[in-house]
Structure formats: C-alpha cells, structure tokens
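Novice: Sequence plus predicted model, see below.
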Amino acid sequence: MPHRLENFKNRVNSIHLLLQALGKARPGNAALELVVEHIISHHPHVVRVCIWLTRDPALEVQSPEVKEPTFLYLAASAARKGVDITRAWRFSDCEIGRIPVEEPIIGRIATTRTAAIVREQKEWPVFPDWAASEKIISYLAAPMVNNVEPIGVLAAFLDEALDEEGAQLASSWLDIVANQVAGILSASWAFEEIARLKGQLELESDYLREEIHTTHSAAGFVGQSPALKQVLERVDLCAPTDATILILGESGTGKELVARAIHESSRRSSHPLIKVNCASIPRDLFESEFFGHVKGSFTGAIRDRMGRFQLANKGTLFLDEVGEIPLELQGKLLRVLQEGEFERIGDERTQHVDVRTIAATNRHLAREVKTGRFREDLYYRLSVLPIELPPLRDRVPDIPLLADHFLRKSCRRHGVPVKPLRRNHVLQLQAYPWPGNIRELENVVERAVVMSRRGALQFDLPDPAEAPSRLHKKKSLGRTPRRIFTYHELKRLERKNLAAALQIAGWKVSGPGGAADLLGLKASTLSSRIAALGLRQE
C-alpha cells in the first residue's frame with residue numbers, strides 16, 4: 001500500500017511539473033517534444049513515448065476544413081537511453097510514421113476516442129516481434145480530442161506488467177496529459193489559422209485597393225461643363241461628412257464613379273468601399289447578403305458568412321440600384337442605417353457596425369413612395385444629401401473630352417496607335433442624344449476603334465431622329481406628320497425658344513418666374529443648354 005501511495009504521489013507531481021513546463025514552452029512541435037522527453041525522464045518503466053496526429057506535421061499549409069482522419073502521423077517520439085530510435089517500426093506491416101486509423105489498436109483510438117490498456121504481450125494483435133526485442137510488456141494509449149474532433153493519440157510503452165489497479169491509475173494519468181496536449185495543440189492550430197486568414201485578407205484587401213486605385217482614380221472626372229462642375233462642388237461638400245447620400249441619375253451617368261470619389265475624399269478612405277448591386281441579388285438572398293448568416297441557419301448554410309454591412313465596418317457601403325430592395329426588407333435596412341445594429345440570420349446576438357451609406361438609383365423614388373413600393377421613412381433616411389447627375393445630353397461641351405479620353409483608353413487596351421478625333425467626329429457625337437449616356441459613349445468609341453483598326457476612325461451612330469427614347473412612346477397608327485424638321489432646323493427652333501424664354505424672364509435663369517421655371521426645366525439643365533448653344537445677353 002505505501003508503494004502504491006508513493007507511486008500515485010509521483011505521478012501527480014509529474015503532471016504538476018509537466019504543466020509548469022508546458023506553460024513556458026512554445027506552442028506546436030516544441031511542446032510535443034517537451035511532453036515525450038518529460039515522460040521518459042520521469043518514469044523509469046517507460047521504454048518509449050509516441051505522439052501521433054491526425055494532420056501531417058510535414059505539411060506547411062494545412063487545410064482549414066475538418067475532415068475525418070484516414071491516417072495517424074508520427075509527430076514526436078522519445079526513447080529510454082539504449083533504445084534505437086532510428087529503426088523502422090512496423091505496426092502490422094505499416095511504418096510507425098503513418099498508421100491507418102483502421103489499424104488495431106493504436107489506429108482505432110483516434111476514431112473511437114477511447115483509451116486502450118494492453119497489459120500483457122499475449123493480448124497484442126500486432127507487432128509482437130518488436131515488443132519482444134524492446135522488452136515491452138504493456139502499453140497505454142489515450143486519444144487527444146478537441147471538443148469532439150480527434151486530433152491525435154498519445155502512447156506510452158512500458159517494460160513492466162500492470163495489474164488492474166495500476167493500469168487504471170496509469171491510464172487516468174496519461175489521459176490528463178493527453179487532454180493538456182490536445183488543448184495546447186488546438187490553441188496553436190487556431191492561432192495559425194487566424195494568422196493565415198489575416199494574411200490572406202490583408203493581401204486581398206491590398207489587391208482590391210490597388211485595383212480600385214488603378215481603375216478609377218486614374219480616370220477621375222472628365223469634363224468642364226457647368227453641369228459637371230455643380231456635381232463636383234456637391235461631392236466636395238458631402239465627402240467630409242458622414243451623412244447618407246442618395247445619387248440620382250439615368251443609367252450610365254457615372255453614379256458609381258461619384259460614390260468612389262466621395263469615399264476616397266472622406267475620412268473613411270483607408271477602410272473598404274463595399275459595393276452591393278441590389279438589382280442582381282435574388283430576392284431570397286437579400287437578408288443573407290446584407291446581414292450574413294450562421295452555419296446551419298437554413299439549407300445550404302454550411303458555414304458562417306459575413307454580410308456586406310460587416311465587411312464595410314468603418315468604411316463605406318455603396319447600395320447601387322437601391323430601389324430594387326424588396327419592401328419587406330426595407331424596414332431592416334432602415335434599422336441598421338439609423339441604429340447601426342442588426343442580427344445575422346440564425347443568430348440571436350446583435351451586431352454593431354459603423355458604416356457610411358451611399359445609395360444610387362435611376363428610379364424616381366419619390367414616385368415609388370407614393371405608389372407604396374418604397375418606404376417613405378427609408379427614402380428620407382437615404383436622401384439626406386441628394387446628388388443628381390445630369391444626363392450626357394445636358395453635358396454637350398464634355399462630349400469631345402470624354403470621347404478623346406475613351407479613344408485613348410481603348411487604343412491602349414487593343415494595342416493600336418491612337419487615332420485622331422476630327423471635327424466631323426465631334427459634330428457627329430454632339431448631335432446624338434445618347435440615351436445610354438456615358439456608358440453608351442464608351443462602348444461606341446471602343447466599337448469604332450475595333451472596327452477601324454486598319455483604316456480611318458468612323459463612328460457608326462443611328463440617325464438622331466431615330467435614337468431610342470428613355471420614355472416609352474406609342475407608335476403612330478398610320479398617320480404621317482404634316483412637316484418633318486431636319487436636325488439643324490430643330491436646333492434653330494430650340495435656340496429661338498430658349499432665347500425667347502430668357503427675354504421674357506429678363507435673363508433670370510432659376511427661381512420663380514425664371515426661364516427654367518417657364519420652360520419646365522431644371523436650372524442646371526438650362527444652364528448647360530445656354531452654354532452649348534452659345535446664348536448671351538445683348
């Protein structure tokens with residue numbers, strides 16, 4: 001009895017010393033080597049100690065996915081002095097360096113998560129020759145488990161026989177050590193995975209920022225028209241604030257470019273600008289796209305997913321085509337805009353974010369509110385600082401500058417010499433109403449470059465009178481108009497009409513009774529037309 005009590009005290013003291021040493025050791029393989037050396041040095045009857053892992057320690061990059069193990073890989077081993085550690089061990093013709101998990105008894109411990117106690121050689125189904133040569137009589141093996149996932153096996157081979165009581169005592173001791181090693185390894189692997197993901201995110205972030213800078217910052221805004229100058233003044237006014245901005249304008253007028261300019265001029269420019277095209281998100285995925293979800297919250301949710309609001313934390317979220325958001329989700333969007341908080345799908349915890357929102361639409365949201373298709377409170381929350389972009393037909397002086405910019409860009413892209421933009425080209429481009437705005441102009445220029453690689457530059461444009469309108473007009477039912485005006489005649493009529501309105505208004509452009517009010521135009525649009533037509537007060 002005194003002998004067993006002394007043996008128990010020694011084992012407790014051994015665990016205490018091992019835990020102290022592990023607290024000072026570096027994580028990973030260094031800790032494993034410390035464990036096997038400690039057991040050998042403090043337990044005279046232990047011939048050899050081995051630690052196998054379910055992941056191959058020879059691989060520098062481990063898969064982050066948890067898979068059912070197929071092999072155990074030897075990660076650390078120590079032997080009592082005089083035992084040859086370099087010899088090739090075999091477990092039923094399988095080298096000790098890699099043991100299939102189906103192999104009894106060591107292999108199956110990883111999958112059954114159950115410790116093994118082998119007290120006599122005659123009970124061993126495998127490697128009896130090796131055991132005899134090393135004078136091994138019994139051994140103990142304990143699983144190393146992280147939560148419910150097996151991560152390895154710790155085994156101690158002894159040169160003494162164990163009775164029932166001694167075997168249980170030794171097994172309990174080894175199980176405690178195995179649990180401690182499993183905890184250390186799990187923490188080490190978690191830190192490795194965090195460092196790997198952090199490095200990956202930093203690389204992706206740097207890449208995306210560089211791509212944005214190269215693609216958009218170099219181009220900037222092109223033009224000198226009064227309409228564009230008003231937009232730029234508005235951008236300079238809005239950018240330093242954190243107010244929500246609503247960008248209005250027809251398709252192709254450059255709403256995303258304005259959003260990027262606002263972000264890059266704001267105090268959030270060092271953080272990401274996250275774009276969401278609301279028109280391209282399936283209706284059932286809106287909530288997951290915006291707010292994210294947790295694993296298992298719905299069919300197909302195989303892992304946690306971060307929503308766009310979390311990705312844009314400390315930065316800017318650009319909601320393109322915001323008028324496409326389903327009505328039932330607009331209340332949740334309003335909440336996160338006002339309170340900065342939301343819940344992921346399947347998660348009860350409230351997430352908090354600091355995001356500046358810029359929305360854009362080519363819809364008439366005020367009209368959508370009246371028809372009940374858009375929430376009135378959300379509309380007012382989004383349009384704190386509205387910016388309306390003029391269509392290209394109201395920026396006629398900018399068309400030559402834009403065409404030249406796109407011409408040079410397209411020639412570089414297709415590897416052809418830069419072709420000159422001639423006066424007849426400019427007149428042709430300025431005469432066209434551009435229903436598709438700047439995007440259409442860029443496509444027309446690129447098509448001209450491609451089609452005229454070996455000849456003179458030519459722009460293939462429809463007749464201005466046949467250009468598609470943004471408004472759906474009813475087709476004439478067989479009636480022939482009494483008088484067809486040429487394009488130049490229409491221009492002269494427009495000039496006379498504007499001049500007459502200006503004379504009546506005393507050359508007052510904006511405000512009640514101004515020419516813009518008489519003509520039913522916006523003051524910025526009228527200013528652009530006056531400059532384009534060269535009207536001056538005499």
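Specialist: Nice, thanks for sending it over. Numbers count the residues shown, from 1 in each chain.
Novice: how about low-confidence regions in the stretch 101-250 of the chain?
Specialist: Low-confidence regions of the stretch 101-250 of the chain, defined by pLDDT under 70, span residues 120-130, 196, 199-200, 202-219.
Novice: could you point out the longest helix in this protein?
Specialist: As assigned by DSSP state H, the longest helix anywhere in the chain is helix 164-212.
Novice: buried sites along the following helix or strand past that helix?
Specialist: Sequence-wise, the next helix or strand downstream of helix 164-212 (DSSP states H and E) is helix 226-238. For helix 226-238, burial by neighbour count (16 or more other C-beta atoms under 10 Å) applies to 226, 227, 228, 230, 231, 234, 235, 238. All C-beta spots, glycine's among them, are computed from the backbone N, C-alpha and C.
Novice: Contacts for helix 226-238, please.
Specialist: 221, 245, 258, 261-262, 265, 385, 387, 389-390, 394-395, 398, 524-525, 527-528, 531 (C-beta atoms under 8 Å, 6 or more residues apart in numbering).
Novice: Out of those residues, which sit inside helices?
Specialist: Residues of the contacts of helix 226-238 located in helices (DSSP H): 258, 261, 262, 524, 525, 527, 528, 531.
Novice: so which of these is the most crowded?
Specialist: In terms of neighbours by other C-beta atoms under 10 Å, the ones in helices among the contacts of helix 226-238 top out with residue 262 at 27 neighbours.
Novice: For the nearest residue to residue 458 once chain neighbours are set aside, give its distance to residue 338.
Specialist: Nearest residue to residue 458, sequence neighbours excluded (C-beta to C-beta, 6 or more residues apart in numbering): residue 452, at 5.5 Å. Separation of residue 452 from residue 338 (C-beta to C-beta, to the nearest Å) stands at 54 Å.
Novice: again with residue 56
Specialist: The spacing between residue 56 and residue 338, counted by C-beta to C-beta, is 51 Å.
Novice: swap in residue 289?
Specialist: 20 Å.
Novice: In terms of neighbours, single out the busier of the two.
Specialist: Taking other C-beta under 10 Å, residue 289 and residue 338 do not tie; residue 289 has more neighbours (17 against 12).
Novice: which SSE is the more buried one in?
Specialist: Short version, using DSSP H and E: residue 289 is in helix 286-291.
Novice: next one: residue 419
Specialist: Counting by DSSP H and E, residue 419 is part of no helix or strand.
Novice: How about the contacts made by it?
Specialist: So residue 419 contacts 407, 411, 449, 452, 456, 457 (C-beta under 8 Å, 6+ apart).
Novice: ok, now which ones touch the first one?
Specialist: Remark: with contacts taken as C-beta under 8 Å, 6+ apart, residue 407 is in contact with 418, 419, 421, 445, 449, 457.
Novice: PyMOL command for the buried members of those?
Specialist: Those of the contacts of residue 407 that count as buried under 16+ other C-beta under 10 Å are selected in PyMOL with:
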select buried, resi 419+421+445+449+457
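Novice: Sort out which one of the contacts of residue 407 lies nearest residue 342 for me.
Specialist: Looking at the contacts of residue 407 and their distance to residue 342, the nearest is residue 445, at 43.3 Å (C-beta to C-beta).
Novice: Regarding the closest one, what are the backbone dihedral angles?
Specialist: Note on residue 445: its backbone torsions stand at phi -60, psi -40 [degrees, to the nearest 10].
Novice: quick one: it from residue 176, how far?
Specialist: The value you get for residue 445 to residue 176, if C-beta to C-beta is used, is 75 Å.
Novice: In contact with the residue at minimal distance from the centre of the chain, which residues?
Specialist: Geometric centre of the chain, nearest residue: residue 311, 6.6 Å, by C-alpha atoms, centre = their mean. Neighbouring residues of residue 311 by C-beta under 8 Å, 6+ apart: 272, 274.
Novice: try residue 453
Specialist: Neighbour list for residue 453: 414, 416 [criterion: C-beta under 8 Å, 6+ apart].
Novice: Please report the distance of it from residue 419.
Specialist: Using C-beta to C-beta, residue 453 is found at 9 Å from residue 419.
Novice: With residue 410 instead?
Specialist: For residue 410 relative to residue 419 (C-beta to C-beta), the value is 10 Å.
Novice: Could you tell me which residues touch both of the two?
Specialist: Residues touching both residue 410 and residue 419 (C-beta under 8 Å, 6+ apart): residue 449.
Novice: Would you double-check that residue 30 falls in a strand?
Specialist: No - the assignment for residue 30, made by DSSP: H, G, I helix; E, B strand; the rest coil, is helix rather than a strand.
Novice: so what's it scoring on pLDDT?
Specialist: Note for residue 30: predicted pLDDT of 71.
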